[in-house]
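Enquirer: quick one, structure for this:
(6 chains)
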Protein chains: 4
Amino acid sequence: MAIPSAGQTSVTEEAILAAALQAFSERGFHGASIRLIAGRAGTSLANVYNYVQSKDELLVSVLRRASQQQLAAVQAAVAAAGDTATSRLSSAIEAYARYVLEHRDELVVSNTEFRYLSDGYRAEVVETRDALQTVVDDIVEAGVRSGEFATPYPMDASRSLLTMASNITVWFRPGGALSATEVARRHAYFALALVEARQLR
Amino acid sequence: MAIPSAGQTSVTEEAILAAALQAFSERGFHGASIRLIAGRAGTSLANVYNYVQSKDELLVSVLRRASQQQLAAVQAAVAAAGDTATSRLSSAIEAYARYVLEHRDELVVSNTEFRYLSDGYRAEVVETRDALQTVVDDIVEAGVRSGEFATPYPMDASRSLLTMASNITVWFRPGGALSATEVARRHAYFALALVEARQLR
Amino acid sequence: MAIPSAGQTSVTEEAILAAALQAFSERGFHGASIRLIAGRAGTSLANVYNYVQSKDELLVSVLRRASQQQLAAVQAAVAAAGDTATSRLSSAIEAYARYVLEHRDELVVSNTEFRYLSDGYRAEVVETRDALQTVVDDIVEAGVRSGEFATPYPMDASRSLLTMASNITVWFRPGGALSATEVARRHAYFALALVEARQLR
Amino acid sequence: MAIPSAGQTSVTEEAILAAALQAFSERGFHGASIRLIAGRAGTSLANVYNYVQSKDELLVSVLRRASQQQLAAVQAAVAAAGDTATSRLSSAIEAYARYVLEHRDELVVSNTEFRYLSDGYRAEVVETRDALQTVVDDIVEAGVRSGEFATPYPMDASRSLLTMASNITVWFRPGGALSATEVARRHAYFALALVEARQLR
DNA sequence: TATGAATGAGGATTCATTCAT
DNA sequence: CATGAATGAATCCTCATTCAT
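Expert: From the prediction side, this is the model:
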């Protein structure tokens, strides 16, 4: 279940990362203090620096992990999907939407704190984001080529698709009439509508 | 002493609001200091407090203004549009997208700093946001009723529509192949696709 | 009596500089905290930063002032001295030694904390130091040329002279048998001995 | 467990002392962290405490060793010198100056960090320093008694002598026109001039 | 020996805010 | 209106030191 990006992470380190994720989500990068994060992780302020070199690094760790998880979730869904672009796009977006709904903190941080990544760290995260976008881009393009999708603007549609899904949590509140699963399915449906699929699953 | 929502704004106050908008967009609410804002506004730190009672209030002022402008832009477009839901939705989204593209800072702040509004101030901004959402909701509903739109999920589609448009700037970079106008039109097109309009303008 | 280096210095700023001088002398640059300096200056920690941009700048201010005072003291003494190199060197060293004895803190800081000057600030202080050395160098050279001084190594002697005098306080403790005035005179005498003056005043 | 002054020193302990010497010289006692010293010594932070009880003790160890070496160097030179005060003083100062030139770090630390010795440790180092001063004092006094030296202020001259030599490195930069040996000889010459020796070797 | 993990205190600096002028 | 001076609290981060392994 854990998706280790690289190297072992001790229980304390894991707690620090989890606390940072939550704190950045609630208060933003600049609004969350290392003291708060340490407190939530159940350790001392100074000990945080035995695991992390700087607050900046804490942000990358959180963002790197989140972006890798998103990519992995979508890749897995696509691999398990059928052969048609319709099936693949539907699976991809449903998986992505599900991730978004189940990892609200990760998405809040990804969407709002990305801009505070210091220069040296940004490239790495951008790369993973781009890989995710490319997965979707490729499916949409293939669908247009095969005649499954009729959209005249495949690239922009692909971008809009992911943007839309990554911001579900802006308006979706759990506990309402719809379950997360239903919302995810519905987003897959919207995706197909957006690319003007012949068959709206 | 009162702070009228539509009252007179002196040149200094205007400069402060503009500087705050820019600073909040670049560095976020917690990352932008009053000192920085004062500096960019060309005045002294202490003088900011002659116009604003607190940093919190500065944030509401910026967000209130932005949300009112967005609402006004869409309302004007709808008023000038034709009678069909198709025409109205297209006009609404194109106008909204145009605003988004021409007011990147306003949207960055609206999208990312809204959560830092202190309780007393939040309701006011929420109200304006809801009004905007309702305008679009009503059009979509009318379209479904009239048979122009075939979407089975009008409410979610309406929400997704605005979410998608409000985040254009996440991926759209000016200076590329497309002009802002073209991107705005394309988004209006996407909106119609999303609600499964019979006629995609 | 005050020797303003440039610009007005308010009473608070003066207190901060005086406190910094004393603190750096007692505990060294790294051992003296801004908090301590602020406390001794009778103000708050944060207020120090209304007068000084950084601790580094505090160090330069102290060192700049000290070096300028030393140069001024020696220049004045030389200007008031007779025409012979003997008289001029004697006056210069006596004045310098007197300054050293009356400004122990300034010399401790000059001698021991100079190395912590950050690069951007160093040049300025070095220049003043060099000017002082040059004043003495010129006198010694003139004395050798006129036949008043017999030393075969005028340049090294000149350097050793000032080094010796600037470190008087390493071993001289006030309150002993000798007064500061006597010690200063004695050092002028040593200076003449060192350059092998024909007449040891 | 005991810390013998002349006991065995393991290779690690030696590395720690060498690193401390260098670090104190470059950054001063308060500016050099144990972490830095450990790193330079090629060991871990915690392991330093297997060899040293505190940072204070590290400073004494460095200063004790440096003062003992200085004393030993001068004592050896005096023992090997001729019978006259002139010969003995010349040898003593040349040996001392040579030590100074060859052990810049030791002298920087001795000259600038001595004041940070905690009370319990200071006496020991002072004793060795005094012993060195006494060696020179005795020679100068003997020279005055024998008529070799004409200085009217033997004690102050003796103190100034050592002060001057211990600060050679303040202005002497290796790689210039003079070799260290020449500079050392020259300082011996200056010493004789200072005490007004009849014969300036 | 040697080390990674842990901590309380303190480092320089900036924060939002106030007040006298 | 406008500002410089002032401050208590908080910022990130490093300190010397300890301890379990």
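
Enquirer: what is the burial count for residue A:43?
Expert: 18 (other Cβ atoms under 10 Å in any protein chain shown). In short, each C-beta sits where N, CA and C put it, glycine included.

Enquirer: any stretches of chain A with poor pLDDT?
Expert: Chain A contains residues with pLDDT under 70 at A:1-7.

Enquirer: what about the residue lying farthest from the centre of it, which helix or strand?
Expert: Distance from the C-alpha centroid of chain A peaks at residue A:46, with 30.5 Å (Cα atoms, centre = their mean). Assigned by DSSP states H and E, residue A:46 belongs to helix A:45-48.

Enquirer: what is the next helix or strand after that helix packed up against?
Expert: Scanning forward in sequence from helix A:45-48 by DSSP H and E, the next helix or strand is helix A:55-80. Applying 3 or more Cβ pairs under 8 Å, 6 or more residues apart in numbering or on different chains; DSSP states H and E, one finds that helix A:55-80 makes contact with helix A:11-27, helix A:34-41, helix A:85-102, helix A:104-112, helix A:119-146.

Enquirer: ok so, going back, report whether the helix holding residue A:46 contacts DNA strand E.
Expert: Yes. Applying Cβ under 7 Å from any atom of the strand, one finds helix A:45-48 in contact with DNA strand E at A:45-47.

Enquirer: the residue most central in space within chain A and residue A:111, how far apart?
Expert: By Cα atoms, centre = their mean, chain A has its centre lying nearest to residue A:70, at 4.2 Å. Here residue A:70 is placed at a distance of 11 Å from residue A:111 (Cβ to Cβ, to the nearest Å).

Enquirer: same check, this time on residue A:166
Expert: To residue A:111, residue A:166 is 6 Å away according to Cβ to Cβ.

Enquirer: just residue A:37 next, same as before
Expert: Taking Cβ to Cβ, one finds residue A:37 at 20 Å from residue A:111.

Enquirer: who's more crowded, these two?
Expert: residue A:37 (25 against 19).

Enquirer: would you check that residue A:91 makes contact with residue A:78?
Expert: Yes. Because the distance of 6.2 Å satisfies Cβ atoms under 8 Å, residue A:91 is recorded as touching residue A:78.

Enquirer: of the two, who's got more company?
Expert: Taking other Cβ under 10 Å, residue A:91 and residue A:78 do not tie; residue A:91 has more neighbours (21 against 18).

Enquirer: how far away is the nearest residue to residue A:124 once chain neighbours are set aside from residue B:96?
Expert: In space, and not counting its chain neighbours, residue A:124 is closest to residue A:64: 6.2 Å by Cβ to Cβ, 6 or more residues apart in numbering or on different chains. Look at residue A:64 and residue B:96: by Cβ to Cβ, they are 34 Å apart.

Enquirer: of those two, who's got more company?
Expert: The neighbour count for residue A:64 versus residue B:96, taken as other Cβ under 10 Å, is higher for residue B:96 (27 against 18).

Enquirer: surely the more buried one touches residue B:72?
Expert: No. The pair residue B:96 / residue B:72 is not scored as a contact, 11.0 Å apart, by Cβ under 8 Å.

Enquirer: wait, which of the helices and strands packed on helix A:55-80 is closest to residue A:191?
Expert: helix A:85-102 (4.2 Å; Cβ to Cβ).

Enquirer: what residues does chain A have near DNA strand F?
Expert: So chain A meets DNA strand F at A:32-36, A:45-46, A:49, A:53-56 (Cβ under 7 Å from any atom of the strand).

Enquirer: which of the residues you listed sit farthest apart?
Expert: A:36 and A:53, at 18.6 Å, using Cβ to Cβ across the residues of chain A next to DNA strand F.

Enquirer: which of the two has more residues huddled nearby?
Expert: Higher neighbour count among residue A:36 and residue A:53: residue A:36, with 17 against 9, using other Cβ under 10 Å.

Enquirer: tell me who's in contact with that one.
Expert: Counting by Cβ atoms under 8 Å, 6 or more residues apart in numbering or on different chains, residue A:36 makes contact with A:19, A:23, A:27.

Enquirer: perfect, I'm done here.
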